[in-house]
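Enquirer: Build me a model:
(4 chains)
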There are 2 protein chains.
Amino acid sequence: MPEVQGGENLLFLTDEQLRQGIEAMFFAYRGFTADPDRILSGMAYGRAHHRAVHFIARAPGTTVNNLLNILGVTKQSLNRVLRTLVEDGLVDSRVGKSDKRERNLYLTDEGLELERKLSDAQRARMRAAYRAAGPEAVSGFRQVLEAMMDADMRRQYYQIRDSKS
Amino acid sequence: MPEVQGGENLLFLTDEQLRQGIEAMFFAYRGFTADPDRILSGMAYGRAHHRAVHFIARAPGTTVNNLLNILGVTKQSLNRVLRTLVEDGLVDSRVGKSDKRERNLYLTDEGLELERKLSDAQRARMRAAYRAAGPEAVSGFRQVLEAMMDADMRRQYYQIRDSKS
DNA sequence: TTGGAATGTCAACAAAGCTGACTTATTATG
DNA sequence: CATAATAAGTCAGCTTTGTTGACATTCCAA
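Expert: Alright, predicted model coming up:
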């Protein structure tokens, strides 16, 4: 029954449906960042620090260039964030072993502690949302998100994802 | 079989699964905003202008206070954006009819044109993602997003959503 | 050994958020 | 009616996080 299917798709993708998806994405992202933002607002850090700490925790020993590609910001912008994190003893920047131009980034114990605090909060919200929506919904959620990424971001995402578990 | 179900849920909500969801959300949001950002970078506007224009288009005649609640920023921050939009003739700010303290906001023809350009781009990406993932996935996507919102944001979202269609 | 890549740094700037204090209308209330 | 509260706007100043552009350093590789 290809005509019924076609009809469904047309009905399904009304501008109004798409608009609701757009607004859901907007409001949900606010919730998504709310808990880490609250934690960081007390300290001298912001969302940019969270992102850096997250991806260093995710791939210990990653290079600055690697991080730049993942975060999609300029090196000057990242450098400012990294500098404060290194100065404050949350991140350890070690000269590369094979290529000494590179810097390999690691979290210190203190950095790991902050990372845990932030990701605990963020995971708790994610867990609650997943529980409320159920397994099938989560599968759909992930499918749509992946389809929404730019191609090169999707590649990065798969790479990080598949390097673990 | 409640034990199998319980086992599935435990397996399902591993930290690794949650982490992938978090990263998917991060990368997808970049894609989500990429097209409007590109369009706006040419003009003297940014993401804040996009948001204002979007919600004025969504609820023509909305008040400044209303917009403040939806966007979750300070009036000073919104005012700066609104002022430029009014000066540039994209937004019309009319004194309230019943309550003259209020200002009712409307898009001008020029404002509608920009809004259409931005939302066309954003909807095109959304449509492509929805098509790629399929109807069931979209349903799950929406469910998880709604569960991820803060309670008061969810209320706002439902209110806007249900005022249309 | 020289060119280019990776990294870092300085300076200047912009967008977009924030706080706090204040004004001006207008409405609501005691 | 007088006063309090509300909606909106404004000024000043600050923070975070992004941007360009210019330049230095280090070091790998052809």
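Enquirer: In chain A, which residue sits closest to chain B?
Expert: Per CB to the nearest CB, A:G140 is where chain A lies closest to chain B, at 2.5 Å. C-betas here are computed from N, CA, C, even on glycine.
Enquirer: Show me what secondary structure element comes after the longest helix belonging to chain A.
Expert: Longest helix of chain A, by residue count under DSSP state H: helix A:15-42. Where DSSP states H and E defines the elements, the next helix or strand beyond helix A:15-42 is helix A:47-58.
Enquirer: Now do that following helix: which elements does it pack against?
Expert: For helix A:47-58, the elements it packs on are helix A:15-42, helix A:64-71, helix A:75-87, strand A:91-95, strand A:103-107, helix A:109-133, helix B:15-42, judged by 3 or more CB pairs under 8 Å, 6 or more residues apart in numbering or on different chains; DSSP states H and E.
Enquirer: Look up how far B:M149 lies from A:R123.
Expert: 17 Å (CB to CB, to the nearest Å).
Enquirer: In terms of neighbours, single out the busier of the two.
Expert: B:M149 (24 against 19; other CB atoms under 10 Å in any protein chain shown).
Enquirer: wait, doesn't that one sit right on A:G31?
Expert: Yes - if you go by CB atoms under 8 Å, B:M149 and A:G31 touch, sitting 4.6 Å apart.
Enquirer: how about the residues of chain A near DNA strand C?
Expert: Chain A has residues A:63-65, A:68, A:75-76, A:79, A:82-83, A:93, A:96, A:99, A:101-103 near DNA strand C, with proximity defined as CB under 7 Å from any atom of the strand.
Enquirer: Would you mind writing the ChimeraX command to select the buried ones in these?
Expert: Remark: buried members of the residues of chain A next to DNA strand C, expressed as a ChimeraX selection using 16 or more other CB atoms under 10 Å in any protein chain shown:
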select /A:63,82,102,103
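Enquirer: Can you narrow the residues of chain A next to DNA strand C down to the ones near DNA strand D?
Expert: A:76, A:99, A:101.
Enquirer: secondary structure element for the second one?
Expert: A:D99 is part of no helix or strand, with elements assigned from DSSP H and E.
Enquirer: On the pLDDT front, check it for me.
Expert: With respect to pLDDT, A:D99 has a value of 84.
Enquirer: Stretch A:48-66: end-to-end distance?
Expert: Terminal residues of stretch A:48-66 are spaced 16 Å apart (CA to CA, to the nearest Å).
Enquirer: What residues sit buried inside that stretch?
Expert: A:48-59, A:62-63, A:66.
Enquirer: now, which of those residues sits nearest DNA strand C?
Expert: Distance to DNA strand C, by CB to the nearest atom of the strand, is smallest for A:T63 among the buried residues of stretch A:48-66, at 3.7 Å.
Enquirer: what separates the closest one from A:I160, distance-wise?
Expert: 14 Å.
Enquirer: And for A:G111?
Expert: Taken as CB to CB, the span from A:G111 to A:I160 is 19 Å.
Enquirer: Okay, the residue of chain A at minimum distance from DNA strand C and A:D99: tell me how far apart.
Expert: Residue nearest to DNA strand C within chain A: A:N65 (2.6 Å; CB to the nearest atom of the strand). Look at A:N65 and A:D99: by CB to CB, they are 11 Å apart.
Enquirer: Likewise for A:A132?
Expert: 47 Å.
Enquirer: Help me confirm that A:V91 comes into contact with A:N104.
Expert: No - counting by CB under 8 Å, A:V91 does not reach A:N104; the two are 10.7 Å apart.
Enquirer: Give me the more crowded residue out of those two.
Expert: Neighbour tally, A:V91 and A:N104, criterion other CB under 10 Å: the higher count belongs to A:V91, 22 against 18.
Enquirer: need the contact list for the residue lying closest to that one once chain neighbours are set aside.
Expert: Ranked by CB to CB, 6 or more residues apart in numbering or on different chains and with sequence neighbours excluded, the top spatial neighbour of A:V91 is A:L85, at 4.1 Å. With contact set as CB atoms under 8 Å, 6 or more residues apart in numbering or on different chains, A:L85 has these partners: A:49, A:52-53, A:91, A:111.
Enquirer: do A:P36 as well
Expert: Contacts of A:P36 by CB under 8 Å, 6+ apart are A:47, A:50, A:118, A:121-122.
Enquirer: please redo it, this time with the cut-off set to 7 Å
Expert: A:50, A:118, A:121-122 (CB atoms under 7 Å, 6 or more residues apart in numbering or on different chains).
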